[in-house]
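1. build me a model:
(4 chains)
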Protein chains: 4
Amino acid sequence: MIPRYSRPDMAAIWTPESRFRIWFEIEAHATDALAKLGVVPQEAAARIWEADTAAGPFDVARIDAIEAETKHDVIAFLTHVAERTGPEARFLHQGMTSSDVLDTCLAVQLARASDILIADLDRLLEVLKRRAFEHKLTPTIGRSHGIHAEPVTFGLKLAQAYAEFDRNRTRLVAARADVATCAISGAVGTFANIDPFVEEYVAGKLGLSVEPVSTQVIPRDRHAMFFATLGVIASSIERLATEVRHLQRTEVLEAEEYFSPGQKGSSAMPHKRNPVLTENLTGLARMVRGYVTPALENVALWHERDISHSSVERYIGPDATITLDFALARLTGVIDKLLVYPARMQKNLDRMGGLVHSQRVLLALTQAGVSREDAYRLVQRNAMKVWESDGALSLMDLLKADPEVGAALPAEAIEARFDLDYHYKHVDTIFARVFGEAGDGRA
Amino acid sequence: MIPRYSRPDMAAIWTPESRFRIWFEIEAHATDALAKLGVVPQEAAARIWEADTAAGPFDVARIDAIEAETKHDVIAFLTHVAERTGPEARFLHQGMTSSDVLDTCLAVQLARASDILIADLDRLLEVLKRRAFEHKLTPTIGRSHGIHAEPVTFGLKLAQAYAEFDRNRTRLVAARADVATCAISGAVGTFANIDPFVEEYVAGKLGLSVEPVSTQVIPRDRHAMFFATLGVIASSIERLATEVRHLQRTEVLEAEEYFSPGQKGSSAMPHKRNPVLTENLTGLARMVRGYVTPALENVALWHERDISHSSVERYIGPDATITLDFALARLTGVIDKLLVYPARMQKNLDRMGGLVHSQRVLLALTQAGVSREDAYRLVQRNAMKVWESDGALSLMDLLKADPEVGAALPAEAIEARFDLDYHYKHVDTIFARVFGEAGDGRA
Amino acid sequence: MIPRYSRPDMAAIWTPESRFRIWFEIEAHATDALAKLGVVPQEAAARIWEADTAAGPFDVARIDAIEAETKHDVIAFLTHVAERTGPEARFLHQGMTSSDVLDTCLAVQLARASDILIADLDRLLEVLKRRAFEHKLTPTIGRSHGIHAEPVTFGLKLAQAYAEFDRNRTRLVAARADVATCAISGAVGTFANIDPFVEEYVAGKLGLSVEPVSTQVIPRDRHAMFFATLGVIASSIERLATEVRHLQRTEVLEAEEYFSPGQKGSSAMPHKRNPVLTENLTGLARMVRGYVTPALENVALWHERDISHSSVERYIGPDATITLDFALARLTGVIDKLLVYPARMQKNLDRMGGLVHSQRVLLALTQAGVSREDAYRLVQRNAMKVWESDGALSLMDLLKADPEVGAALPAEAIEARFDLDYHYKHVDTIFARVFGEAGDGRA
Amino acid sequence: MIPRYSRPDMAAIWTPESRFRIWFEIEAHATDALAKLGVVPQEAAARIWEADTAAGPFDVARIDAIEAETKHDVIAFLTHVAERTGPEARFLHQGMTSSDVLDTCLAVQLARASDILIADLDRLLEVLKRRAFEHKLTPTIGRSHGIHAEPVTFGLKLAQAYAEFDRNRTRLVAARADVATCAISGAVGTFANIDPFVEEYVAGKLGLSVEPVSTQVIPRDRHAMFFATLGVIASSIERLATEVRHLQRTEVLEAEEYFSPGQKGSSAMPHKRNPVLTENLTGLARMVRGYVTPALENVALWHERDISHSSVERYIGPDATITLDFALARLTGVIDKLLVYPARMQKNLDRMGGLVHSQRVLLALTQAGVSREDAYRLVQRNAMKVWESDGALSLMDLLKADPEVGAALPAEAIEARFDLDYHYKHVDTIFARVFGEAGDGRA
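-> Here you go, the predicted model:
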């Protein structure tokens, strides 16, 4: 966990205090369930909650000290709770195993982390939608291979990002469901010493579903799917960040990250405005992706469990969720405040001397009866001249002057192919697909 | 693609012949749609299908030869189709871009590959279920950390695998939906030269959904999610394979891969029966996992597309699906024919002198009023003696002889804690959760 | 192995024919060594070579057929050799285990693959050096964050690439040494049934070093290091490929991949010249990197070996080396024939109105006694005006007109800071470091 | 950075205090060099050191506060230094760029981290060597595929680990050299505003080599190689950890992690002694491996640099080195105190009824003139009986009773093949190879 890349709500989920609080709730709810089954006295169960309220926050340092001696975290915690609670504490943890507490706690933490990430995505989607509509018809050049292709609008770029992050939201909701399960099934998952009712009861109290069959632990394919999903979201972040970085290049400069007055771009070159936020996002995406493979390697635990997954999760549980939360918030800020330069977009569109319209001419020629091969040759020989002139020559002028082209297409027919609006006639259709007819983002 | 690890149906999806066939169908359906729109003559569209039927399979070598010259695969293909079709071929590919064909083709291939993999999972689930019920109450020791813990049944192990692969089936169905989209939207996704109706029409014919907004290509977050899902499934394969490898260890030997009469385990040691199939599956899982990161790196294409994803997909499209198909089938065979040794399981269960029942005694002591700390101490001091005797001493005997234990629990109360059936009273509950009350596998 | 991305010499290493040939040499040399030790008859050892010469190439189909029955590749091979050789074949494989053959064969294959890759690097280095000297003083803008920074030369960019690939060559030579070991030590590496002399003898004949201590197999940390090194080289390829892709962007266009006359850039847009080779290299780099993790996961084999590494190596042995060989050759071709546009480089250099010289002015101001903070403020306020004019204004003019600047620096002192050659005074030093004083590339 | 998995010396390298201290040294040494060149006054350079000594530790909170405003870390630092130093501070950072400081600082940190890791490896090697010699001739069964193969010694297992970590040491020394370079070359690496002498001077003072050619940054292939090497070492840790985990399995129990008196293995099962340290190491290895891919993805920075690598390095710089340091130390402790049970090893060796000697019989039969095929059949039919008896039958007895075997080998010849020492006759040879003739570990 890097403080620089952390936001407080997400970080709070992963503090020792939060963890012990969740442990306590699992244990206390389980004791309530046992009381309902008549296994432990109702009064003892009630006393456990009261004593906790009276005692306040857990003493993390004290728990650490006990663990240093016992080398077992849950025993250390229970010992501390016993110190706060008195003799009723012996009714805690009846028939449970440490993993019942640890794994259910992790489920609560990952579910809460998911809720924050889903809210992050919602904010990003909102911003993307607003700016997509703002630039729905702002002309800009579409590029394949980094080379000018045909016109698009800047709003279409953002609509694509919207659709992508909307898919990511759907995936994350599914991944949340995958990890939000409760297992209180004892040492090897057989409920030998604890009734399945306890698991159901605690699951209900914590908003989790019941793990249908556990071993000592909740199976790690669930967590693998969760972290893999975060890796996909991170890759989408990298994609949009890379788009901004490209647009901010000196020669392109169609958009820029917001540059605050006090900011210095370089210790040496005072004129520089660097896309450092999106470059940073590119790096953060690498990290979140890097956590996918350890999570996948965690699946194949030995028999009813080994503890190799635990250290991995101590890293990637916080690191992946905190980093992704930060990255989504940063990306939202970048898009929200992105400086967009329509004039420069138009200037870039124009700089290729009309080459972007070449395909329309090609089609017009074939529709006028020229073979595809010949049409391609005719367009290409003129296009190459424009290309080599670096946009100084005009494709329209050259085509009009080419007798072979003129034999198939009159001048006005050529001119008609250089109309920008022609390219935007289906923008409404696409926006309706992405944002819904009513623009409510759920097409 | 390694022939040794390929099965014919999956491999067939990825041959040049299949690819060209799908390309043709996309192009011909698109021309039909254009004919319906009145853009091209109905007769030309019909002629294209007829000429194809008359011409038979595509001449892959001829297409390769044209590509060697033009250095463009779709142009080479279209040139070849023109050779087979005659002048009507000029109505093919109107307003389309190469990626419309390539990406929609990949969607068809991945959807078909998914169908095979889903069927593979269904067969695996069927076998897991049959063997789970066969061994529903076959006692075996549960192990955490590789150390004997408490009794489970062998059927429970298989029920866990069933539940895990059932989750994987759900994930794969979602991943299939993610990649099964059709994009026919032209050079930069604006439908500038092609009506969205064509995309809808072709999508319907090919069983795909419509890509709501594409650039030049279908966005690669879809494919990333698909391959990440395969990586999770592979990790589950590794888990079950690792279980079998452990069970077949000489000292454990509770199960063995089927060993055919003609098979030789070792060129040097004729007595050996090695779990080579599950070891092989462990390696194959590594490969399928290894394809996840390249797929994630493919997401951040530049602007409206770059072609860096293409070479990656030439490898991982076939390699990931073919390998996973082979691995699922191999795993199904391993489980189907797995030699299970209940007598050896019982022998292993007994070898620890009853230590596996220690927790029950611990609970009985606390329920009899002994503090948790004291109960732990009493059980542990006797358990340690059994442990150090390597199972020669009996925990039950030692506990009965321990006066401090006896002060809390009479002998018959101790004996009652060493009953194996006690551990299996909730097996029905778990099976109902996993396989449904009716055992139909959809709880 | 993708034929499209394979070159014949590297692919030949991985054919069944090559593998069986190497197996035979290992077995026959080992039998020679046993004959020298008096364990087998000299005549039998000689007869084995003679029979092989007489029999010609191995019958791969026959060996496959035997393996289908025995399910053991080395036994199948030995059976086939016995068919060709006669009764002397019984002296083959004495005291050896299959892995002695398989692992030593893999060592030979990886060593040969390394030799090809080292030669590939040598050719790339030669081309980089030639073009670096060609453009040693070709001015071009240096960019950080994609933003114009200060002038460099195009030759310096290539010198950097040279230095990087020269490091990669050193790493690959080390990685080759790591994998080029011979193990003939029997079933568990104890030489129980074979004298260590045999291992030394065969190692000498095959140009390998002796594995100091093996289990049943050569330890896989060696292979992990090898494939990790290929992953680093692939990443360097991606870096140089990315540079070319950036330089070829429409708005930058300082260099282009060579475009052959018959080539078509796009089925739709005839004017397009796309950097498809370097985009392809970017994808290939992802694949070679993707093989690193499976290789790392192969290290932790169980006890004296399990066979999980084998399937992984069947993929990555050929795929990583063949892909990297192809990629290095392709990159060499790209650099060799790269179209470089010095005029455009100069034009881009000039477009920022002299902003690239801002740091020199900053330094001049501080040297003239202005505080760093004030100097920064003075330069930045003028630089921002130039920036916002998109290069229409000249920084030199603005600075001369700024009275606060003028108070510290006379006009001629300002002018002196806008000299391009100033930036190139240490190019010779850098070239000498990279290529040696004599330009021989070994500084 | 997880405190639980951190050791103080390594963690100290990565504190803000350490970083600022190194930054200061780079800046102050550079100013000294400039003073030697006559660019800045000697007294100013001296004053900078004196002021620092007088001022004491840096005020991290103050620097953070300045950075919050300027959003630039090096400017914030220099501003703070100016506050401590007075007007002479304006002579700092002359002609340098931020990356000169940041990258050279990272080089110092990684070099220091390497030194700790090399010392860690030395301690591990020392412990492995001691215990290898202690158990040089302790018989134990060698296992391939988890199945009993032939006898080895426990010392041989440790000698293998020694050789592997010795290779890792060599690799780490090379990786250290790769990252320990100094770049002080200005904004784009041309030394435009700073003489190369400064770089050489600072490199010498800090024990680094000179970066032959940098851009704005030190090329990241160096760091990629470094982290890839850590990934290989982590994989070797996983291998040895996995060995211990296997040996500690209940049914095997040939060795155990040291179990301290106060330790509790399970909150539920007091008899359990779990190999939690080596399971933990398995997880830590996954993390260190997980950092390799982000490091590889960092190589392809855009043009003369982008800053995407920076966030990645903020994570993996500390996390990879701290985790690996902890893991090496933990592994050293595990091996140092490993409880080894030779009696149990012998018991396991004996349990297969002599099957482990089957290959020797096979060889004896072929040497007695039986064809390899027949010999294999004879041994296998007896071996299978022993196998199916779970070691109750004796292979020696069965072979003596088999008339076909008896026809080729007399009883005493059979008996001679069951001698354990036969397998150990080359242990000295192997130890000499690994540890040197004198056992000094440098063969």
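2. now do the helices in the stretch 301-443 of chain A.
-> A:308-337, A:342-350, A:358-367, A:372-388, A:395-401, A:403-408, A:411-416, A:427-435 (DSSP state H, counting those that start in this stretch).
3. mind putting these into CSV with mean neighbour count, distance to chain B and mean pLDDT?
-> All C-beta spots, glycine's among them, are computed from the backbone N, C-alpha and C. Formatted as CSV, the helices of the stretch 301-443 of chain A follow (neighbours: other CB atoms under 10 Å in any protein chain shown; distance: least, CB to the nearest CB, whole Å; pLDDT from 0 to 100):
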stretch, mean neighbour count, distance to chain B, mean pLDDT
helix A:308-337, 23, 10, 98
helix A:342-350, 16, 12, 93
helix A:358-367, 23, 6, 86
helix A:372-388, 19, 5, 86
helix A:395-401, 19, 16, 93
helix A:403-408, 15, 13, 93
helix A:411-416, 15, 13, 92
helix A:427-435, 20, 4, 97
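4. for chain A, what are the low-confidence residue spans?
-> Residue ranges of chain A with pLDDT under 70: A:261-271, A:438-443.
5. does the longest helix along chain A reach chain D?
-> Of all segments of type helix in chain A, defined using DSSP state H, the longest is helix A:98-134. Yes. Helix A:98-134 is in contact with chain D by CB under 8 Å from any CB of the partner chain, via residue A:98.
6. quick revisit: how about the helices of the stretch 301-443 of chain A, which one is nearest chain C?
-> helix A:372-388 (3.4 Å; CB to the nearest CB).
7. contact partners of the closest one?
-> A:352-355, A:358, A:361-362, A:365-366, A:370, A:393-395, A:398-399, A:402, A:404-405, B:78, B:82, B:89-90, C:264, C:270-271, C:273 (CB atoms under 8 Å, 6 or more residues apart in numbering or on different chains).
8. residue A:52: neighbouring residues, count only.
-> Counted with other CB atoms under 10 Å in any protein chain shown, the neighbours of residue A:52 add up to 19.
9. so who does it touch?
-> Contacts of residue A:52 by CB under 8 Å, 6+ apart are A:24, A:28, A:81, A:84-85.
10. how near is it to chain D?
-> Residue A:52 sits 20 Å away from chain D, going by CB to the nearest CB, to the nearest Å.
11. repeat that for residue A:164.
-> 20 Å.
12. that residue contacts residue A:236, correct?
-> Yes. Using CB atoms under 8 Å, residue A:164 makes contact with residue A:236 at a distance of 5.1 Å.
13. how about the residues of the stretch 301-443 of chain A by chain C?
-> A:344, A:348, A:351-352, A:355-356, A:358-359, A:362, A:376, A:379-380, A:383-384, A:386-387, A:390, A:395.
14. just the stretch 1-150 of chain A next, same as before
-> A:141, A:143-150.
15. among those residues, who's most crowded?
-> Ranking the residues of the stretch 1-150 of chain A next to chain C using other CB under 10 Å puts residue A:149 first, with 31 neighbours.
16. which strand or helix spans that residue?
-> Residue A:149 is part of strand A:147-153 when elements are defined by DSSP states H and E.
17. and the contacts of that strand?
-> A:135-143, A:348-349, A:352, A:355-357, A:359, A:420, A:423-424, A:427, B:186-190, B:192, B:216, B:304, C:248-250, C:265-266, C:269, C:272-275.
18. residues contacting the spatially most central residue of chain A?
-> Per CA atoms, centre = their mean, the C-alpha nearest to the average position across chain A is that of residue A:233, at 3.3 Å. Under the criterion of CB under 8 Å, 6+ apart, the neighbours of residue A:233 are A:117, A:121, A:165, A:168, A:171-172, A:288, A:324, A:328.
19. can we see that at 6 Å?
-> For residue A:233, the contact set (CB atoms under 6 Å, 6 or more residues apart in numbering or on different chains) comprises residue A:168.
20. how about the residue in the stretch 51-200 of chain A that chain C sits nearest to: what's its closest non-neighbour residue?
-> Residue of the stretch 51-200 of chain A nearest chain C, by CB to the nearest CB: residue A:145 (3.6 Å). In space, residue A:145 comes closest to residue C:274 once its chain neighbours are excluded; the distance is 3.6 Å by CB to CB, 6 or more residues apart in numbering or on different chains.
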